[in-house]
Each structure stands twice: as C-alpha cells, then as structure tokens.
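[1] return a 3D structure for these sequence lines:
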Amino acid sequence: MKRGRLPLTALRSFEAAGRLSSFTAAADELRVSQAAISRQIRDLEELIGTALFERHHRSVTLTKRGRSLIEALTPAFDSMDMALEEITARPSRPAVVISAEPAFATCWLGARLSDFQQTYPEIEVTLDSDPHVVDLRTSKAGIAIRNSSGEGVWPGVQSKLLYTASLTPVIAPQLLASGPALAKPEDLLHYPLLHEDHRDDWDRWFKDAGVASQAALRGPVFSDYGIVLQGALAGRGVALADVVLTADEIASGRLVRPFDLTTTCGQYWLVVRSFSRLNASERSFVRWLDAALPQFQAATGPGSAISE
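    All right, here's what the predicted structure looks like:
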C-alpha cells in the first residue's frame with residue numbers, strides 16, 4: 001500500500017485495541033467512543049481483506065495476521081511518540097517522574113531522594129506511589145519501579161532487575177521483652193503474626209526454617225506492606241519484612257531480627273519504555289539508583305538464605 005494511502009486513524013485504533021486486548025480500553029485511551037474504535041477496525045479489515053480480531057462475547061483476541069501487524073505497528077507508534085517528545089519544548093527545569101510500588105517508595109526511595117537531589121539539585125523529582133502497573137505510554141512517569149514474582153517481562157517496555165527481595169522476621173523490642181523468649185524459629189508461633197495479602201509467606205518461611213507444622217499460624221492479614229510494618233513497630237505482632245526496606249528500622253533498633261534467616265519473595269524491577277531513549281534527567285536517576293541500591297545492600301547484608 002502506498003504511504004500516502006495509509007489509513008493512519010484506523011491503524012492507531014487497531015494498535016491500541018490490539019495492545020490492550022480491548023476495544024473499550026482502546027476507546028478510553030484514545031478518548032473516542034467504543035463504536036468509533038469498532039468501526040475503524042472493521043473498515044481496516046475490509047480495506048486489507050482479512051480479519052484482524054476474533055470477536056468473542058465479551059472479549060477480542062488477535063488473529064495470526066493481527067499479531068503480525070501489531071508487532072510492526074506498536075514499535076512504529078512508540079518511535080513516533082518518542083521522537084515528538086524529543087523535539088517538543090522542554091520544561092523550564094530538568095525533571096524526572098517516577099512511579100514506584102508503595103512499599104519501595106515509602107520505605108526506601110522516599111527517604112533517599114534527598115541524596116539524589118544533593119547530587120543533582122537542578123532536577124525536579126516527582127515520586128508517585130502507585131500499586132498499579134502504569135502504562136508508560138500514557139502516564140507522565142518516565143520510570144517505574146515494580147515488584148514481580150515472575151521474570152519482570154512486560155509488553156512494550158524494557159526492564160532491569162534491581163534486587164531479589166529477602167524476607168526476615170522482625171519484632172519490636174518492647175514486644176520481645178514482654179513475651180516468650182525466641183530461642184528457635186518455632187517460638188515465633190507464640191506471637192501474633194502480621195501478614196501481607198495472604199499467609200503464604202509466613203507458611204513458606206516456617207517450612208524453610210525446618211518447622212514441621214504451622215497449624216498455629218494466626219494474626220491479621222493486611223493489603224499493604226506499610227500497614228504491616230507499622231503494626232510491627234507498634235508491637236502488635238511479628239512481621240515478615242523485606243531486609244532492604246526495613247534496614248533503617250533495624251539499624252535504629254526500632255525493630256529486631258530475632259533470627260538471621262531469610263526467604264526470597266519476588267524481585268524489584270526498574271521499568272522504562274526504552275533505556276536508549278531516556279532523557280538526561282532520567283538517565284541521571286538510573287545511574288544514581290544503580291550505584292545507591294547495591295551500596296546499601298552491601299552495607300545491610302541479606303542474612304542467611306533458607307530458600308532460593
């Protein structure tokens with residue numbers, strides 16, 4: 001097809017619907033009606049003489065030819081978008097916008113952004129603490145920090161491993177002083193246990209520590225790591241905490257590690273649209289993070305791993 005006859009509006013509608021696997025989500029992203037998306041894609045299919053989607057009752061999936069087209073279109077639209085960003089007017093001051101998991105943002109990054117800004121005082125920083133995976137194509141954020149139990153692979157972006165999370169029991173000194181002695185891992189079962197999202201992490205830690213039965217597992221389940229950590233600091237129970245994210249509280253003596261044993265649980269990843277297309281401020285932040293986090297980990301130490 002001649003370049004001058006390319007149906008760019010229809011191709012944009014198809015690319016959004018194919019990337020998001022939803023006509024409705026594509027309509028929301030492009031700020032048009034779902035009927036407009038459906039019409040554009042139908043016209044495109046008639047123009048090229050082949051179906052691009054399989055229509056189901058409440059969902060759509062790409063056909064083989066649809067997948068082939070989306071693999072060409074998404075990088076092309078991304079490239080055009082980034083090229084336009086590069087030539088548009090720059091903000092009055094260099095800036096970087098970071099979307100980070102709430103636990104990482106609150107317990108580690110937020111407390112150390114002053115170090116970054118001492119090194120780069122000219123860069124304005126916006127830190128968005130967001131538990132949801134943001135679309136870096138539409139978000140103001142140019143950098144995301146995410147936790148994943150998998151391989152850290154997300155469509156349309158590039159990622160780099162920051163660290164593997166190591167979980168260890170932590171307890172407030174006042175609770176430890178008023179409760180039973182902790183001579184061996186099973187002694188923790190005499191205390192209320194604080195759980196994040198589910199009880200699986202504690203169950204795995206006990207099994208890895210050689211405790212045969214965890215029938216006595218109890219304690220509240222919270223949806224947010226910060227609530228779990230605050231509960232531990234207040235002496236309401238024992239938390240299973242990320243060694244890196246809890247290092248400040250341990251170093252200050254506000255929390256105690258009764259056992260030098262850890263179990264791994266997921267990884268933190270640095271996510272960007274393209275490492276080669278980061279702006280100068282974003283590259284400065286990535287360089288700072290690449291240096292600061294390993295130095296901090298080396299000073300902290302993960303403890304003795306009991307699970308790989």
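[2] all strands in this protein, in order from the N-terminus.
    53-55, 60-62, 95-100, 124-129, 143-148, 158-170, 193-196, 221-222, 238-242, 261-272, 304-305 (DSSP state E).
[3] return the most buried member of those strands.
    Mean neighbours per residue, mean count of other Cβ atoms under 10 Å, is largest over the strands of the chain for strand 238-242, with a mean of 27. Just so you know, the C-beta spots here come from the backbone N, C-alpha and C atoms, and that holds for glycine as well.
[4] and that one, what's its mean pLDDT?
    Averaged across strand 238-242, pLDDT comes to 94.
[5] run me through the strand neighbours of it, direction for each.
    strand 158-170 (antiparallel), strand 193-196 (parallel) (DSSP bridges).
[6] and the protein, what are its domains?
    Annotated domains of the chain cover 3-87, 94-308 [automatic domain parsing].
[7] deepest of those domains, which one?
    domain 94-308 (a mean of 17).
[8] can you map out the helices along the stretch 201-308 of the chain?
    225-233, 247-252, 280-300 (DSSP state H, counting those that start in this stretch).
[9] so which elements touch the longest one?
    When you say that, I think you mean helix 280-300. Using 3 or more Cβ pairs under 8 Å, 6 or more residues apart in numbering; DSSP states H and E, the elements in contact with helix 280-300 are strand 95-100, helix 110-119, strand 143-148, strand 158-170, strand 261-272.
[10] one more pass at 10 Å, please.
    strand 95-100, helix 110-119, strand 124-129, strand 143-148, strand 158-170, helix 247-252, strand 261-272 (3 or more Cβ pairs under 10 Å, 6 or more residues apart in numbering; DSSP states H and E).
[11] could you dump the ones you listed into JSON lines and include distance to Ser22 and mean pLDDT?
    Shown next, in JSON lines, are these (distance: least, Cβ to Cβ, whole Å; pLDDT from 0 to 100):
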{"stretch": "strand 95-100", "distance to Ser22": "22", "mean pLDDT": "92"}
{"stretch": "helix 110-119", "distance to Ser22": "34", "mean pLDDT": "92"}
{"stretch": "strand 124-129", "distance to Ser22": "24", "mean pLDDT": "92"}
{"stretch": "strand 143-148", "distance to Ser22": "21", "mean pLDDT": "90"}
{"stretch": "strand 158-170", "distance to Ser22": "23", "mean pLDDT": "92"}
{"stretch": "helix 247-252", "distance to Ser22": "41", "mean pLDDT": "91"}
{"stretch": "strand 261-272", "distance to Ser22": "22", "mean pLDDT": "90"}
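[12] same list (those) but as a markdown table, adding distance to Gly235.
    Shown next, in a markdown table, are the helices and strands packed on helix 280-300 (distance: least, Cβ to Cβ, whole Å):
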| stretch | distance to Gly235 |
| --- | --- |
| strand 95-100 | 28 |
| helix 110-119 | 22 |
| strand 124-129 | 26 |
| strand 143-148 | 27 |
| strand 158-170 | 11 |
| helix 247-252 | 13 |
| strand 261-272 | 22 |
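[13] Ser68: which of those is closest?
    strand 158-170 (22.2 Å; Cβ to Cβ).
[14] residues in contact with the residue nearest the centre of the chain?
    In the chain, the residue lying closest to the centroid (Cα atoms, centre = their mean) is Arg146, at 1.5 Å. Arg146 is in contact with 99-101, 104, 130-134, 152, 154, 157, 159, 162, 266-271, counting by Cβ atoms under 10 Å, 6 or more residues apart in numbering.
[15] still on that earlier bit, looking at the helices and strands packed on helix 280-300, spot the one closest to Gln297.
    strand 158-170 (6.2 Å).
[16] now that closest one and strand 143-148, what's the angle there?
    Here the directions of strand 158-170 and strand 143-148 differ by 50 degrees (axes from the mean of the first three to the mean of the last three Cα atoms, to 10 degrees).
[17] and strand 158-170, how far out from the chain middle?
    11 Å (Cα atoms, centre = their mean, to the nearest Å).
[18] stretch 17-31 too?
    On Cα atoms, centre = their mean, the centre of stretch 17-31 falls 22 Å from that of its chain.
[19] list the contacts for Thr50?
    Contacts of Thr50 by Cβ under 10 Å, 6+ apart are Leu44, Thr63, Lys64, Arg65, Gly66, Leu69.
[20] isn't the fourth one right up against Ile48?
    Yes. Taking contact to mean Cβ atoms under 10 Å, the distance of 8.5 Å between Arg65 and Ile48 places them in contact.
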